[in-house]
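A.B. asks: Predicted model and sequence follow; I will ask about them next.
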Amino acid sequence: MAGEMSVQFDVGTGKICVYGNGFWSFPQATAFFDDWKQIIRRIHAAGLPVSAFVDMTESGVQKADVAQLIATATLGLYRDGDAIAMLVPNSLAKMQMRRVLEARFHGFFISRSAATTWLAGRAFSRDYVGRGASSG
């Protein structure tokens, strides 16, 4: 099945929602990640961290050239505080994404509730620490 990818984002909040399905061609993935980089840079330029939910439950394991493109297109793109929750259809897709993406910024999930909980927890932790919370 030919793939599609769509993205919605809010530069004012740093929130991004991505939906992808099927299998992507190399040119299609290249165009998407060119746009992705611009979105991330706009959010960072606004002084905000990225908080992204990427729903890939209707996609499959991507071809090796596309997986490599994902790795190289995102390398060095993210900064401290960014969080990207990847919802994937199965363990094989989870292994592929885990192998090509930086674990420091990404969480990989088969469960939607686990993905949203992780993303909310990262945002809470970032906000809590950012306010100089103290014990006591």
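C.D. replies: Arrived safely.

A.B. asks: helices and strands around the strand or helix carrying Ala73, which ones?
C.D. replies: Assessed by DSSP states H and E, Ala73 sits inside helix 64-74. For helix 64-74, the contact count by 3 or more C-beta pairs under 8 Å, 6 or more residues apart in numbering; DSSP states H and E identifies helix 26-45, helix 91-100 as packing neighbours. Where you see a C-beta, it was placed from the backbone N, CA and C, and this is true even at glycine.

A.B. asks: roughly how far is the next helix or strand after it from the heart of the chain?
C.D. replies: Per DSSP H and E, helix 64-74 leads on to strand 83-87 as the next helix or strand towards the C-terminus. Offset of strand 83-87 from its chain centre (C-alpha atoms, centre = their mean, to the nearest Å): 4 Å.

A.B. asks: Bridge partners for the residue most central in space within the chain, pull those for me.
C.D. replies: Nearest to the mean C-alpha position of the chain, counting by C-alpha atoms, centre = their mean, stands Ile84 at 3.6 Å. Beta-bridge partners for Ile84, by DSSP bridges, are Ala52, His106.

A.B. asks: got a list of what it touches?
C.D. replies: Residues counted as contacts of Ile84 (C-beta atoms under 8 Å, 6 or more residues apart in numbering) are 50, 52, 54, 78, 101, 105-107.

A.B. asks: Start and end of stretch 49-65, how far apart?
C.D. replies: 29 Å (C-alpha to C-alpha, to the nearest Å).

A.B. asks: Also stretch 2-15?
C.D. replies: 27 Å.

A.B. asks: Determine how far that stretch lies from the middle of the whole chain.
C.D. replies: So, by C-alpha atoms, centre = their mean, the centroid of stretch 2-15 is 10 Å from its chain's centroid.

A.B. asks: Same question for stretch 32-49.
C.D. replies: Offset of stretch 32-49 from its chain centre (C-alpha atoms, centre = their mean): 12 Å.
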